[in-house]
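>>> sharing a sequence plus its predicted fold:
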Amino acid sequence: MRNVLVAAAREVRAGLRNRWVLATTLLLAALALTLSFLGSAPTGTVGVGALDVVVVSLSSLTIFLVPLIALLISHDAIVGEMERGTMLLLLSYPVARWQVLLGKFLGHLAILAFATVLGYGAAAAALFATGAAAPAESWAAFAAMVGSSVLLGAVFVALGYLVSALARDRGTAAGVSIGLWLLLVLIYDMALLGLLVLDQGRIIGGGALDALLLLNPTDVYRLFNLTGFANVSLFSGMAGLSASATLSPPLLLAALAAWVLVPLAAAAAAFSRREL
């Protein structure tokens, strides 16, 4: 375990030197504050809680931004160090490859979690400072959104490690990572919506829809945050989808956890067989 923690600390120090921590935190905080104050402006006239609007707005932001940041910081974690020759030096110490990979993963996840919690927490603190009232259920939805955002980041860090373990060079890893982001964040949902429109409910039933949604971690995240709490789902725009899908919040969290563990295990297996 000590080797894993040493590798994690090494990645955190590298993130601090490369300004990843500062840049990511400031970006998330700036966008979260902007969405919080602009998005909560009409709540007084429509009777919507300001914090509930923030949850919906930040959930949409997270789906686009957090996966991209996670892939950017993780796509060259293995292949990049192999190209620079530092991986060979690192493995010359008495440390197993899986320990190096797990430690690097935890270090990158710590960077992303710190930026997410601090950036989104700034938005909640700003709303609290303005005196915006929010019931306990709204705060629970916000806390669940922040926690699941970190979990979604972990999914894409793990996917980035899998790409890095399989790619031949950094350029290939970067290209595949961008393609993966486009597929899971944009293309998959558009293709699914088109398929549902064409099908008109003839073949794809509730069970098949659930399975299709579980095949995309961003859809799992979206369902968890926008349909898991009654106060949020009322105006999240997911009412039609949530009526067809029957996935419970614990099952959605388990699916996100599986999306972390399976790619990370595959990355460890690919790295263990790779020649330096």
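Right, received. Where do you want to start?
>>> which residues touch residue 26?
Residues in contact with residue 26, defined by C-beta atoms under 8 Å, 6 or more residues apart in numbering, are residue 119. To be clear about C-beta, it is placed using only N, CA and C from the backbone, and glycine gets the same treatment.
>>> count the neighbours of residue 13 for me.
Residue 13 has 11 neighbouring residues, counting by other C-beta atoms under 10 Å.
>>> would you mark the buried spots in whichever strand or helix holds it?
Per DSSP states H and E, residue 13 falls inside helix 2-17. Buried residues in helix 2-17, counting neighbours by 16 or more other C-beta atoms under 10 Å, are found at 3, 4, 7, 8, 11, 12, 15.
>>> what about the fourth one, distance to residue 170?
To residue 170, residue 8 is 22 Å away according to C-beta to C-beta, to the nearest Å.
>>> could you do the third one as well?
Taking C-beta to C-beta as the measure, residue 7 falls 20 Å from residue 170.
>>> centre of the chain to stretch 83-94, how far?
29 Å (C-alpha atoms, centre = their mean, to the nearest Å).
>>> residue 115 in helix, strand or coil?
helix (DSSP: H, G, I helix; E, B strand; the rest coil).
>>> pLDDT weak spots in the stretch 151-276 of the chain?
Per-residue confidence for the stretch 151-276 of the chain (pLDDT under 70) gives these ranges: 201, 230-245.
>>> mind listing the helices for it?
170-182, 188-199, 206-214, 217-227, 230-233, 239-244, 249-273 (DSSP state H, counting those that start in this stretch).
>>> and these as JSON lines, adding distance to residue 161 and mean neighbour count?
Converted to JSON lines, the helices of the stretch 151-276 of the chain look like this (distance: least, C-beta to C-beta, whole Å; neighbours: other C-beta atoms under 10 Å):
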{"stretch": "helix 170-182", "distance to residue 161": "10", "mean neighbour count": "17"}
{"stretch": "helix 188-199", "distance to residue 161": "21", "mean neighbour count": "13"}
{"stretch": "helix 206-214", "distance to residue 161": "21", "mean neighbour count": "16"}
{"stretch": "helix 217-227", "distance to residue 161": "15", "mean neighbour count": "24"}
{"stretch": "helix 230-233", "distance to residue 161": "32", "mean neighbour count": "18"}
{"stretch": "helix 239-244", "distance to residue 161": "31", "mean neighbour count": "13"}
{"stretch": "helix 249-273", "distance to residue 161": "4", "mean neighbour count": "17"}
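>>> and the ones you listed: which comes nearest residue 53?
Nearest to residue 53 among these is helix 230-233 (9.1 Å), distances taken as C-beta to C-beta.
>>> do me a favour and get the end-to-end distance for stretch 194-208?
15 Å (C-alpha to C-alpha, to the nearest Å).
>>> fine by me, we can end here.
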